[in-house]
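J.: Quick check, what structure comes out for this input:
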Amino acid sequence: MARYTGPKTKIARKFGEAIFGDDKSFEKRNYPPGQHGNARRRGKKSEYAIQLAEKQKAKYTYGILERQFRNIFKKATAAPGITGQVLLQMCESRLDNVVYRMGISPSRSGARQLVSHRHITVNGEKVNIPSYQLKPGDVVAVREKSKSLSAINDSLANASHVYEWITWNGDKKEGTFVSVPERIQIPENINEQFIVELYSK
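T.: Below is the predicted model of the structure:
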């Protein structure tokens, strides 16, 4: 199972935002990494550099490596609708992302691990594929044997975000993927048009 395992704060500093979630180290040094830190003069970025940075930000945000991200883009291109928006909607519809959005895990990497270790079910069936694409109406739940896990309970206790396209039942520890989110409902600060332009070259 391929995933990014390198330094996260350094990547967050590169993009100027905490894309991996709360990060105290990033808050202390929220300027680009490098030997001269904030004092370094940075020239104007080329169009290609801006587009590439946006694609990398999206990949790191959702925890997807290049080949997989390119495959999602191909599917988004073939699907009806605006390619950039469909791309983000497909990323948001991934099982690991929805587990994170429901508050079962405080981070996408943690959600990915919960899915891989078979702690999550979809419509009553165990699913251990983080990239599994959910459809509207799918019920995502914490497996019965995993409901007592402190990591899950701690995360749910601290979860505060509410999303219109997801419902959550705290008593049953299960939620419903009500609908594919509209672009305006996706909170990530990603300019998907730059990604489309990059791949279209």
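J.: give me every residue that touches the residue positioned nearest the centre of the chain.
T.: Nearest to the mean C-alpha position of the chain, by C-alpha atoms, centre = their mean, lies Tyr62 at 3.0 Å. For Tyr62, the contact set (C-beta atoms under 8 Å, 6 or more residues apart in numbering) comprises Cys91, Arg94, Asn97, Arg108. The way it works is simple: take the backbone N, C-alpha and C, and place the C-beta from them, glycine included.
J.: same question, Val142
T.: Ile104, His119, Ile120, Thr121, Leu149, Ile152, Lys173, Glu174.
J.: Give me the buried subset of those residues.
T.: Ile104, His119, Ile120, Thr121, Ile152, Lys173, Glu174 (16 or more other C-beta atoms under 10 Å).
J.: Looking at those, which are in strands?
T.: Ile120, Thr121, Glu174 (DSSP state E).
J.: would you turn the contacts of Val142 into TSV with distance to Glu197 and pLDDT?
T.: Output for these, formatted as TSV (distance: C-beta to C-beta, whole Å; pLDDT from 0 to 100):
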residue	distance to Glu197	pLDDT
Ile104	35	97
His119	39	97
Ile120	35	98
Thr121	39	98
Leu149	43	95
Ile152	40	96
Lys173	42	96
Glu174	40	97
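J.: Quick one: those residues as JSON lines, columns for distance to Gly137 too.
T.: Below are these laid out as JSON lines (distance: C-beta to C-beta, whole Å):
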{"residue": "Ile104", "distance to Gly137": "19"}
{"residue": "His119", "distance to Gly137": "22"}
{"residue": "Ile120", "distance to Gly137": "17"}
{"residue": "Thr121", "distance to Gly137": "15"}
{"residue": "Leu149", "distance to Gly137": "26"}
{"residue": "Ile152", "distance to Gly137": "23"}
{"residue": "Lys173", "distance to Gly137": "18"}
{"residue": "Glu174", "distance to Gly137": "13"}
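J.: Quick check: of those, which lies closest to Ser131?
T.: Within the contacts of Val142, the smallest distance to Ser131 is 13.1 Å, found for Ile120 (C-beta to C-beta).
J.: my read is Ala76 is in a helix, agree?
T.: Yes: the assignment for Ala76 is a helix, going by DSSP: H, G, I helix; E, B strand; the rest coil.
J.: where's it relative to Ser93, distance?
T.: 11 Å (C-beta to C-beta, to the nearest Å).
J.: got it, and Ile104?
T.: From Ile104 to Ser93 the distance is 16 Å (C-beta to C-beta).
J.: got the buried residues for stretch 113-125?
T.: Gln113, Leu114, Val115, His119, Ile120, Thr121, Val122.
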